[in-house]
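Undergrad: Predicted model and sequence below, questions to follow.
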Amino acid sequence: MLASALLAGSTGAALAQPQTLADGVQLRWNADQLGNHRYTVAVAKPADAVQVTIPWHRRDRHPENVATIVVGPDGQVVANVLRERIDQVSGSLVFEAKQAGTYAIYYQPYVSNGRSNYPTVTYRAPTDTADAAWVKKNGLADPHRVVQLPQARVLGYQAVDAFDAYTDMERVAAPAELQRLLTANPDQPWLLFPETREHPIRMFDQIPERWAERGAGGTLADHAPRGEYLSFQVGLWAARAAAQDVRVGFSELHGPDGATIPATRLTCFNLGGIDYIGKPFTNRLDVAQGRVQPLWMGLDISADAKPGTYRGTLTITADGAPPREVPLAITVDAGEAVAHGDDEPSRLTRLRWLNSTLAQNNDLVKPFTAVTVQGDKLGILGRTVTLAPSGLPAQIDSFFDERMTGYAKTPRALLAAPIRLVVQDAAGTHALGASGTPNVQVDGPGKVHWQVAGQAGPLKGEVSASLEMDGTLSYTIALTAKQAVKLADIRLEIPLANDVAQYELGLGRTGAAAPDSYAWKWNVENNQDGAWIGAVNAGLEFHLRDEHYQRPLNTNFYHQQPLVMPTSWDNAGAGGIMLKREGARYLVKAFSGARTMAAGQTLHYDLVLRVTPFKTIKPAEHFANRYFHKYADLDLIKADGANVVNIHHGTPINPWINYPFLTPDAMKAYVDQAHALGMRVKIYDTVRELSDRAPELPMLESLTGCRIGTDGKAAPGPCSEVISRGKGGGFSWLQEHLDGDYIAAWHVPENRDAAVIDAGQSRWHNYYIEGLDWLARNIGIDGLYLDDVAYDRTTMKRVRKVLDAHRPHALIDLHSASQYNPRDGYINSALLYMGLFPYIDRLWFGEEFDYEHTSPAYWLTEMSGIPYGLMGEMLQNDGNPWRGMLFGMTSRLGWSKGSDPRPLWQLWDAFGIEQADMVGWWVRDTPVKTDHKDVLATSYVRKGDKTLVALASWAPGTVQVKLAIDWKALGLDPKHVRLVATAVQNFQPAATFQPGDAIPVEPGKGWLLELESTH
C-alpha cells in the first residue's frame, strides 16, 4: 500500500521535516517522497470524513493517473482517502480527519530511479488505501450520495521551494474559461496575448488561466531605464487554425516632445538574427492549430533617450489572415541602466547577446602568426601549404622539430604527390583541374580564401576554400553535371609521404601505428567522417562532409542527433575510405562509388583538412602550473603547492551547470582572494547542457522556427534552435516545467540542479561568448575548465579572443571522457575535439581512458596532445604516474584521495624541471634510450648540469634494462655521473645506479632517475 510504503523506515514527522541542500536552500518537506507541490487545507474539527475541492489548474495532461497523498497535522500519511474526481482544473477528495488542524495534499509525488546524475523520474500511480468499512460507513461508495460532508477550507498552494513553484503562467485555463474567451473573439483564427518579461510563457500546448481571465489583445505596456535592453513577448495562440509563416513588423515609437525610437531598434528573436558564425539568417515560423507560440521581442533603448512614454505598434501577419496589431507603450525612465542591465540576468536583457558578433573576426590569436601569401605558397606558424591549380594542396611542409619545442631548418614534406579529386567514367579518370595559380584573397591576418573554377571530365567544379592561421583548410567543392552521365566513381586521393604516415586514429580505430591496409564504410551508428594520420611533428586530419553537415551531439547523446550522412561521399552506402601503404606513399582514397547524375545536378564534396602540429609545446609553462581541482580554502590550496584552481559546477561559487551568473559576488570574492595570493581561478562553463536555473530557458524553448536557406526554403530536420529535441523525462523540475520536447542531461542531486542538452550549433554560442566576456571583465576569472564541449572551432576561437582580451595568460583546459564506445558512436576524443586544440592550453583525457592496457602509440596520439602542440594530464583512476612522466602528465590534486601529485611536484622543484629541455622517447636522436623495446625513456635535460630520465614499462613482467646515453648531448662526463632515484611516495624507493648498470623495471611502472655529477 502507498501509505505503508511511504512510512516504511521513516517516521511520519520525517515526511514534513525540512531538508537543507548543499547551497543552503531549505526544503519544507522531503520532495523525493512527496513531490514538489501541495495544497494545504484547514479542518475545523475532527470528522470521520471531510471533503475538499482543490482548484489546482494543473498543466500535466492526465492528473487522474498521478497519486495524491494526504498528510495530517502530525506528519502521518492519511490512509483513508477517496479520490472522487480528478481532472486538470480541480480535484475533489474525501479523507479521514482524526484531528483538527492543517492537512497537506501532495498532488505530484514521484519516484526517482537510476543513476542520481541521470535520474529516471516517474510519477506515482494512484493507489486505493481507503478501508472498505470506512468507505461504506460514510456512504462514499454511492456516486449519487446526498449526504453533505464537512468541508475542509483551502488555505493555498505551496511548492517545496520557490524555484519549483508553478507560476501564474502554468495554471491552465478551465474549459469553460476557454469557451468564454473564444466566444468573446468570434471568427479569429488566432489570438494574441502581450506579456512582459516578468511572466515568461511556459506552456506551448495550453493557455494559462491568466489569459482567459484577462482576455486577448491589449497593449504591451512596460518600462525600463535609459540604456537598457528591454525584452518582452507576445503569445500567439492558434486557437481555431494554424498560423503559417508568421511575420512581425515594427513601427517607429513616438515619445515626448517629438522624440522617437527607430523601428530598427526592435527585433523578434524567433524570426531570425545572427548565427554563431556571424551570418544573418531568417526563420520560417509555422504554428500548428492549438499551439501557443511565444514571440520574444527586444527593444534596444539608447542611453540618451528622452525620458517619457513612447507609443507605437507591432504588426503580426501570417498567410491567409489579416494583419493584427499590438499597441506598444514603453515608458523610458530617467535613470540609466548599467551595462544595458546585463548585470541582472533575471531582467532578460542578455537576450540581445543571442545576436552578438563579439570576437567574430579574422584577427590573430597567440601564438599564431599572420597567414602569408607568396603566389601559390601560403605560410602559417611552422607550416606552409602550396596550392595546386585545382585549389587543393600540392604540398604541405612542416617545420616543427621532433621534440615539438622548436623548429627545424629543413621542413618535412607531408605529401608524396598533390591531393586530387578524381572523377571516373567510361572515358577514363579525370582529376579536377584548372589553369593558372589560385587567386588568394586576404580576409585578415588570420585568414585567406580562394576560389577556383575547374573541370573534372564530364563535371564542372567550383572550389571555394580558405586557410586559417591555425592550419585549418576548409573546402566547399561543388561538382555539377553538364549533361546526364554515368560515373564509376568520384573520389579524393591524399598521397601522404610514407615516413609521415606513422600513426593513425579515427575511422573506427584507436590511436596506433598506421595500418598497411584498411577499409572503412559509412555507418550512421558511428560518429565517424574522417581520421588523423601523421608523425609527431607532421600530420593531417581530414573530414568528409557536404552542405547538410550538422555537428552531432556528443557525450552520451550521439544517437539522439547523429551524424547526417553526406549525400555525396556516402552515396547510399556505396562510399567509403581505403588506407594503403604503397612504397614511398601512404594513400588515403575516399571513394563514393558508382552513380548517375542528371543534367544540372550538383553534388557537394566538402572537405576539412587540418595540418598538425598547431603549435609548439611549452614544458616549462606546463610544469609551472600546478592544479587543484576542487572548491576549497585558498590558503590550504596554496600550502599544498598548487597555483591554479579549477572550480567545477555544483560548488558554492558556481552552483549551476553552465550558468555561472547567479552567485557573482561570492565568485568574485574568491577570485580576488586567489589573485591576492598569486593564484589563478578557472571555472567550469561550457556549451553542452544548460541548467534549469537559467532564467532564459523558457525563451530558448520558444526558438522553434525552421532556418530559411539560400533557396528560400525551410531547412529540413527538427525546428529547434537551442534546446535539442528529445523524449523529455529526467529530473522532476524538467518534467513539471518544460513541455517534453528536450533531452534530459546532467543532474546534481545535492542542489537539485537539472540540465537539458543544447544544440551543437546555435545562437546560444553567441550568448556564451558574451557571458565569458562579462565574467572576465566583472569577475576576473582566469580561464575555463571545459568538460566535453558541444561547440566547434569557430566558437573556440572566439572564446580564446575574449579571454585573452581581458585576462593576462588566460588558461583553457579541455577534459573529455573517452567517446570511443557505442553510446558515443566510437569517436576518438582527440579527433572529436582536434579543431579546438589550437586554442586551448592543456588536455585532461579523462574518464574511461585506459592507462594500463594501451600502447605507447595510443598514449601519444589519443591522450598526450603532443603531436598537436599540447600537453596533458591524467584522470581515470589517477592515471599511471610512471608512464605519465614520459609525456609530462600527472594526476589532479584535490579530486580524490589517491590523486596526489605533490610528491612528484617536490621532485620537480628539487631538480628544477622548469629549466630543463624535454626530449621525448619518440625523438629519433633522443640522448637516452633503453635496450628494451617495451621500456621507453624521456629525458629532461639541463645540459652541462644534470638530467632527469623518466623510464616506463609496457613489458608483461619485470625486466632488466640498460641505458644507452649520449653523454655529449647531455654535456656530462660519464666517469663522474651516477643515476640517483630519489624516494618518492607511492612512486619509487630510493636507489642508486652506475652508468652501465642493469636497472630493474616492474611491469606498468618505471623510474625517475637523476643523472647526478659525483664531482
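TA: Thanks, I have it.
Undergrad: Around the closest residue to Ala574 other than its chain neighbours, count how many other residues there are.
TA: Among residues not flanking Ala574 along the chain, Gly593 sits closest, at 3.0 Å (CB to CB, 6 or more residues apart in numbering). Glycine gets a C-beta too; all of them are placed from N, C-alpha and C. Residues near Gly593, counting by other CB atoms under 10 Å, number 17.
Undergrad: Please apply the same query to Gly783.
TA: 26.
Undergrad: if we look at the sheet, which residues does it bridge to?
TA: Beta-bridge pairing of Gly783 under DSSP bridges involves Leu811.
Undergrad: show me the contacts for it.
TA: Contacts for Gly783 were tallied using CB atoms under 8 Å, 6 or more residues apart in numbering; they are Arg680, Lys682, Leu803, Arg807, Ala810, Leu811, Ile812, Asp813, Asp841.
Undergrad: mind showing which ranges of the stretch 301-450 of the chain have poor pLDDT?
TA: By pLDDT under 70, the stretch 301-450 of the chain has no low-scoring segment.
Undergrad: Next, the residue most central in space within the chain: phi, psi?
TA: When CA atoms, centre = their mean is applied to the chain, the residue found nearest the centroid is Arg688 (1.9 Å). Main-chain dihedrals, Arg688, degrees, to the nearest 10: phi -150, psi -40.
Undergrad: Look up the closest residue to it, ignoring the ones flanking it.
TA: Nearest residue to Arg688, sequence neighbours excluded (CB to CB, 6+ apart): Ala790, at 4.1 Å.
Undergrad: who's in contact with the residue nearest to Ala574?
TA: Counted by CB under 8 Å, 6+ apart, Gly593 has contacts Asp489, Asn571, Ala574, Gly575, Gly576.
Undergrad: Going by distance to Ser466, which of the residues you listed wins?
TA: Gly575 (24.9 Å; CB to CB).
Undergrad: Hmm, Trp522 and the closest one touching each other?
TA: Yes: the pair Gly575 and Trp522 qualifies as a contact (CB atoms under 8 Å) at a distance of 5.6 Å.
Undergrad: Who has more neighbours out of the two?
TA: In terms of neighbours (other CB under 10 Å), Gly575 is the more surrounded of Gly575 and Trp522; the figures are 24 against 21.
Undergrad: what's the distance between the more buried one and Ser702?
TA: Gly575 sits 39 Å away from Ser702, going by CB to CB, to the nearest Å.
Undergrad: just Val959 next, same as before
TA: Separation of Val959 from Ser702 (CB to CB): 65 Å.
Undergrad: between those two, who's got more neighbours?
TA: Applying other CB under 10 Å to Val959 and Ser702 shows that Ser702 carries more neighbours, namely 24 against 18.
Undergrad: need the contact list for the more buried one.
TA: Going by CB under 8 Å, 6+ apart, Ser702 touches Ile201, Phe204, Gln233, Asn270, Gln293, Pro294, Leu295, Trp296.
Undergrad: And for Val564?
TA: His548, Tyr549, Gln550.
Undergrad: Please settle this for me: is it part of a strand?
TA: No: assessed by DSSP: H, G, I helix; E, B strand; the rest coil, Val564 does not belong to a strand; its assignment is coil.
Undergrad: related to what we said a few turns ago, buried ones among the contacts of Val564?
TA: Buried members of the contacts of Val564, counted by 16 or more other CB atoms under 10 Å: Tyr549.
Undergrad: Now go through the contacts of Ser702 and say which are in strands.
TA: Secondary structure defined by DSSP state E assigns Gln233, Gln293, Pro294, Leu295, Trp296 of those to strands.
Undergrad: phi, psi of the closest residue to Ala642 other than its chain neighbours?
TA: Sequence neighbours aside, Phe628 is the residue nearest to Ala642 in space, at 3.8 Å (criterion: CB to CB, 6+ apart). With angles defined as degrees, to the nearest 10, Phe628 sits at phi -120, psi 120.
Undergrad: And for Trp764?
TA: According to degrees, to the nearest 10, Trp764 has phi -60, psi -20.
Undergrad: burial of the nearest residue to it once chain neighbours are set aside, as a residue count?
TA: Using CB to CB, 6+ apart and skipping the chain neighbours, the partner closest in space to Trp764 is Val722 (4.7 Å). By other CB under 10 Å, 23 other residues sit near Val722.
Undergrad: who touches Val722 in this structure?
TA: Counting by CB under 8 Å, 6+ apart, Val722 has contacts Leu700, Leu703, Asp758, Ala759, Ser762, Arg763, Trp764.
Undergrad: The residue nearest to Arg688 and Ala337, how far apart?
TA: 32 Å.
Undergrad: who has more neighbours, the two?
TA: Ala790 (24 against 21).
Undergrad: buried residues in stretch 101-113?
TA: Neighbour counts over stretch 101-113 (16+ other CB under 10 Å) mark Tyr103, Ala104, Ile105, Tyr106, Tyr107, Gln108, Pro109, Tyr110, Val111 as buried.
Undergrad: To clarify, my last question referred to stretch 596-603.
TA: Across stretch 596-603, burial judged by 16+ other CB under 10 Å covers Met597, Leu603.
Undergrad: Done for today, thanks.
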